[in-house]
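Enquirer: Here you go, sequence then predicted model.
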Protein chains: 2
Amino acid sequence: MATPLTAARVGSQPRAAASASRYDRRLAEILTHATEVFCKKGYEGASMRDLSRESGMSLAGLYYYFESKERLLFLIQKHTFSTIVQRLKTRLEGVNDPEERIRIFILNHLEYFLANQAAMKVLSHEAEALKNSFAAEVAAIKREYYRICVGLLDDLKRERGQQFSTRIAVLSLFGMMNWIYTWHNPRVDADAASIASAMGDLFLRGVMTETKIRKER
Amino acid sequence: MATPLTAARVGSQPRAAASASRYDRRLAEILTHATEVFCKKGYEGASMRDLSRESGMSLAGLYYYFESKERLLFLIQKHTFSTIVQRLKTRLEGVNDPEERIRIFILNHLEYFLANQAAMKVLSHEAEALKNSFAAEVAAIKREYYRICVGLLDDLKRERGQQFSTRIAVLSLFGMMNWIYTWHNPRVDADAASIASAMGDLFLRGVMTETKIRKER
DNA sequence: ACTGAATTCGAACGAACGTTCGAATGATGG
DNA sequence: CCATCATTCGAACGTTCGTTCGAATTCAGT
């Protein structure tokens, strides 16, 4: 994990550099376990005692690392969302073909989704659980991610001189991709690249407007 | 509502036919209010006291109509899902063209979704909240609905001699449609028929396999 | 108006909830 | 080995949870 997960510390003193990494490492462990529990039982359904049991730390001990259950969810969502956006930006660098850029978007999303199923489910499914400033900060990242996708699609439209509702197309694509947490089964379904390819085909053919397909009317 | 919502009565005596309708009417009212609360706060996040406040009935009074919070969610989900399946079957009668049948499926789903947003969100978003026999019964309806959609798509494949993964296509379609509860805004977005048309275009063009769209490779 | 059944309610139950606090433990550098 | 700070914990706080129970109220048929 490149981005440090450091939360506001409870204590007042500045800490040594050595203990900082230990603190961050431990926090990351807790976040991983918490992600699993939130995934399985939902944010509201998961109790702090569940998190305590799963992470092997006492109930009170958890509060050394974050000041509330809500902030814990926030840390998970922010880290997950930031990472997927950052990875996308890196992968898009140097690629100019609009179609290829959209395929990269889809592949990046699904690869990260399936490699981090629990975190992505918590991000998708608990989108309304946070309040106020926590909610606002995650919403800002979501908006950025959404705007990137809109930009990719508008580029495609411009290049091909097509016309369709970007909004409906983007939100349909997100639906297609995000719904995967409700059905993906590693024992049955192919890997991320195959699914990304299939969804990419489905979506990119779908937004083509030059061909009429309806038989009548 | 055509289907009676009658739950197992608490009392032991059989009731008169006249009071049966009163009971069912009152239960339906409670279910409507509860749907709104579950939609707003989530199943786990909504307390029985929230439901009491919203429906204007005392906390204890609610338990005259159902024996547990879980059964209340079950009644909502079962009624909602049964209704949408039943409506679909009616609308599919007498229509034989595979493409038209799929468009009917999409329109039926989205129309019902947007006309009953709260109930459909509770159905989509709280899919894992029920346990054991409650979960099994809703899962059975879901499986039936899924199988119908698979059948529609297989018919299209057969007619057109196409080949694509029915599973991925169906689940992508469900994702597209069900995700709508996360973004639909009546002030901004068009009505169900327009969205169904756009998604139908997107999906049906998407599953066409005779045309190559990729430029390279 | 009376009566028995249907419906509603106030009050309370024990359990579980998120969070706090002060003491105990662990590690680190002098 | 000691002093210091970081880390962990048992125990408890006050609140809210889903559910229950017996009494009160309302309703329908006579």
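Expert: On my side now, so go ahead. Numbers count the residues shown, from 1 in each chain, chains lettered A, B, ... in the order given.
Enquirer: could you pull out the strands for chain A?
Expert: Under the criterion DSSP state E, chain A carries no strands.
Enquirer: low pLDDT regions in it?
Expert: A:1-20, A:210-217 (pLDDT under 70).
Enquirer: again, 80 this time
Expert: Residues of chain A that meet the criterion pLDDT under 80 lie in A:1-20, A:209-217.
Enquirer: report the longest helix in it, please.
Expert: helix A:132-160 (DSSP state H).
Enquirer: what packs against that helix?
Expert: If you count contacts as 3 or more Cβ pairs under 8 Å, 6 or more residues apart in numbering or on different chains; DSSP states H and E, helix A:132-160 packs onto helix A:69-92, helix A:98-115, helix A:166-178. C-beta here means a position set from N, CA and C on the backbone, and glycine is covered the same way.
Enquirer: From the rest of the structure, what touches the longest one?
Expert: What it means is helix A:69-92. A:1-3, A:5, A:7, A:27, A:30-31, A:34-35, A:38, A:43, A:48, A:51, A:66, A:101, A:104-105, A:108-109, A:112, A:116, A:119-120, A:122-123, A:126, A:129-131, A:134, A:137-138, A:141-142, A:144-145, A:148 (Cβ atoms under 8 Å, 6 or more residues apart in numbering or on different chains).
Enquirer: hang on, the earlier thing: how about the helices and strands packed on helix A:132-160, which one is nearest DNA strand D?
Expert: Nearest of those to DNA strand D, taken as Cβ to the nearest atom of the strand: helix A:69-92 at 12.5 Å.
Enquirer: Hey, what's the angle from that closest one to helix A:132-160? Just curious.
Expert: Our comparison of helix A:69-92 with helix A:132-160, counting by axes from the mean of the first three to the mean of the last three Cα atoms, to 10 degrees, yields an angle of 20 degrees.
Enquirer: Would helix A:69-92 count as contacting DNA strand D?
Expert: No: Helix A:69-92 is not in contact with DNA strand D by Cβ under 7 Å from any atom of the strand; minimum separation 12.5 Å.
Enquirer: Give the buried residues for that helix.
Expert: For helix A:69-92, a neighbour-count test (16 or more other Cβ atoms under 10 Å in any protein chain shown) marks A:69-70, A:72-85, A:88, A:92 as buried.
Enquirer: Stretch A:178-196 too?
Expert: A:178-184, A:189, A:192, A:195-196.
Enquirer: Just flag the most distant two among these.
Expert: Greatest spacing in those, by Cβ to Cβ: A:182 and A:196 (17.5 Å).
Enquirer: starting at the chain centroid, how far to stretch A:160-179?
Expert: Centroid separation for stretch A:160-179 versus its chain: 18 Å, with Cα atoms, centre = their mean, to the nearest Å.
Enquirer: Dump the C-alpha coordinates for it into CSV.
Expert: Extracted as CSV, the C-alpha positions of stretch A:160-179 are listed here (Å, rounded to 0.1, in the frame of the first residue of the first chain):
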residue,chain,number,x,y,z
ARG,A,160,-17.0,8.6,-33.7
GLY,A,161,-19.5,11.4,-34.1
GLN,A,162,-22.0,9.3,-32.2
GLN,A,163,-24.8,10.6,-30.0
PHE,A,164,-26.2,8.9,-26.9
SER,A,165,-26.8,9.8,-23.4
THR,A,166,-23.5,9.8,-21.6
ARG,A,167,-25.1,9.8,-18.3
ILE,A,168,-27.2,6.7,-18.9
ALA,A,169,-24.3,4.9,-20.6
VAL,A,170,-21.8,5.7,-17.7
LEU,A,171,-24.3,4.7,-15.0
SER,A,172,-25.2,1.5,-16.9
LEU,A,173,-21.6,0.6,-17.1
PHE,A,174,-21.1,1.2,-13.4
GLY,A,175,-24.1,-0.9,-12.7
MET,A,176,-22.8,-3.7,-14.9
MET,A,177,-19.5,-3.7,-13.1
ASN,A,178,-20.5,-3.0,-9.6
TRP,A,179,-23.2,-5.6,-9.5
